[in-house]
Every structure is written in C-alpha cells, then in structure tokens.
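> model this:
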Amino acid sequence: MEMFHVKPRWLFLKVITCDDGTIGWGEPVVEGRAQTVEAAVKEIARYLIGQDPRDIEKHWQTIYRGSFYR
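Predicted coordinates:
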C-alpha cells in the first residue's frame, strides 16, 4: 500500500491487491483533510491486509460496525 499526497489537498492510494501483483487505485477523500484520511486508511489497512479481496460485503460490515462512532 502506498499513498500519494497531491497538492493542494488530494490523496491517492495504490494497493497491490493479490499475490499475482494486481494493482488497484483509489482516492480516499474528505475534502481538505488528506492527513486525517491517511491515518484512517492506515488503521483500516491493518484489518484488510491479508484478507480475501473478493469478500467486499464482509469487509464493509466489519469496518462499518467496528468504527468508533457506531
């Protein structure tokens, strides 16, 4: 996982998603809060790394239900 800050306030995320080297790109965003979003991505990554990337609903539910404000 790599994150790229692009001025003035964007964040892009590069993820190698599988053992075969498949790469995914994303734009995690809360307008103007790139450092905050980067911290959240790093925290969530601890759960996601090593998981089956095809089990999207399971991951969404785990992350959503385990969030601080729920």
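> Pull the number of nearby residues for residue 12.
Here the number of neighbours of residue 12 (other CB atoms under 10 Å) works out to 15. Every C-beta, even on glycine, is put in place using the N, C-alpha and C of the backbone.
> Which of the helices or strands spans the closest residue to it other than its chain neighbours?
Nearest non-adjacent residue to residue 12, counting by CB to CB, 6 or more residues apart in numbering: residue 4, 4.6 Å away. Assessed by DSSP states H and E, residue 4 sits inside strand 2-6.
> Check which helices and strands that strand sits against.
strand 10-16, helix 34-48 (3 or more CB pairs under 8 Å, 6 or more residues apart in numbering; DSSP states H and E).
> residues of stretch 29-42 that come out buried?
34, 37, 41 (16 or more other CB atoms under 10 Å).
> and what of stretch 2-17?
In stretch 2-17, counting by 16+ other CB under 10 Å, buried: 3, 11, 13, 15.
> Pull the residues that contact it.
1, 22-29, 31-34, 37-38, 41, 53 (CB atoms under 8 Å, 6 or more residues apart in numbering).
> on that earlier part again, quick one, grab the pLDDT at the residue nearest to residue 12.
You'll see residue 4 listed with a pLDDT of 93.
> so how far is residue 57 from it?
Using CB to CB, to the nearest Å, residue 4 is found at 28 Å from residue 57.
> Now do the contacts for the residue nearest the centre of the chain.
The chain has residue 41 as the residue nearest its centroid, 4.3 Å off, counting by CA atoms, centre = their mean. By CB under 8 Å, 6+ apart, the contact set of residue 41 is 1, 3, 13, 28.
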